[in-house]
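Chemist: predicted coordinates and the sequence they were generated for:
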Amino acid sequence: MASKIALITGASSGIGLEIARGLAKAEHYVFLGCRSRAKGDAALKEIHRSDPSSKITVRDGLELTDLESVRHWADKVKNELLLNNDKIGLLVCNAGVMHHPFELTKDGFETHMQVNYLSHYLLIKELQEVLSGGKVVFTTSSLYKNSEPRFVANYKQQQRSGTFRGHDDSDWLI
Ligand SMILES: NC(=O)c1ccc[n+]([C@@H]2O[C@H](COP(=O)([O-])OP(=O)(O)OC[C@H]3O[C@@H](n4cnc5c(N)ncnc54)[C@H](OP(=O)(O)O)[C@@H]3O)[C@@H](O)[C@H]2O)c1
């Protein structure tokens, strides 16, 4: 039987929080993937308020602007699941930034590209052992239509038409 464990990034607010609420209602065991413990706990409380029987827990410390943090976080989640002989049935890659001013992360990538795209692919790779047979979905937007391969190719230092369009380019890649 497919695992009922669902892991959602960016579950502390917005769409991620609502996905978490919906999955918990559908009787999934939901891991709220967050960077801040305080925000994760607030999201958990908010879901419990509407459905006290929800099976949700917080996994904080996921900072997608930092590839080392992603590896470390994925490792912790993976080891916990392996210890319990569990697998992830659904990974929702939802955390994202939009219209962030042009800025390189400590890893040297444009912020939208790393947060929305590169770090999530690293996460999938690092979780592969506990993901086999599970599903992976991304939240993205129709703004990918503003992008095309020639823009995406130069994403490390790209300033397109004066305004960096990293969000739309990262959505095009997804
Ligand atoms: N809202 C829309 O109209 C819309 C439309 C189409 C697609 N989308 C996509 O849907 C997704 C969610 O959007 P939303 O509107 O729900 O946004 P939101 O309310 O701003 O939530 C974004 C989530 O991503 C997390 N996040 C941001 N930067 C992060 C980082 N560096 N490391 C770890 N987590 C980080 C945030 O965590 P913190 O709470 O710690 O900041 C938050 O939980 C995004 O991928 C967005 O591109 C949104």
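Modeler: Good, I have the coordinates. Residues are numbered from 1 along each chain as shown.
Chemist: hey, let's count contacts and neighbours off CA atoms from now on
Modeler: Will do.
Chemist: pretty sure Leu127 contacts Lys78?
Modeler: Yes. At 6.1 Å, Leu127 counts as touching Lys78 under the criterion of C-alpha atoms under 8 Å.
Chemist: against Asp51, how distant is His120?
Modeler: Using C-alpha to C-alpha, to the nearest Å, His120 is found at 29 Å from Asp51.
Chemist: who's more crowded, these two?
Modeler: A count of neighbours by other C-alpha atoms under 10 Å puts His120 above the other of His120 and Asp51, at 23 against 13.
Chemist: pull up the gap between the more buried one and Leu67, please.
Modeler: His120 is 10 Å from Leu67, by C-alpha to C-alpha.
Chemist: got it, and Pro101?
Modeler: Pro101 is 20 Å from Leu67, by C-alpha to C-alpha.
Chemist: pLDDT on the helix or strand containing Ala38, on average?
Modeler: Element membership of Ala38 [criterion: DSSP states H and E] is helix 37-50. When pLDDT is averaged over helix 37-50, the result is 97.
Chemist: packing partners for the following helix or strand past that helix?
Modeler: Where DSSP H and E defines the elements, the next helix or strand beyond helix 37-50 is strand 55-59. With contacts taken as 3 or more C-alpha pairs under 8 Å, 6 or more residues apart in numbering; DSSP states H and E, strand 55-59 sits against strand 29-33, helix 37-50.
Chemist: which other helices and strands contact the longest one?
Modeler: Using 3+ C-alpha pairs under 8 Å, 6+ apart as the contact criterion, the secondary-structure elements in contact with helix 37-50 are strand 29-33, strand 55-59.
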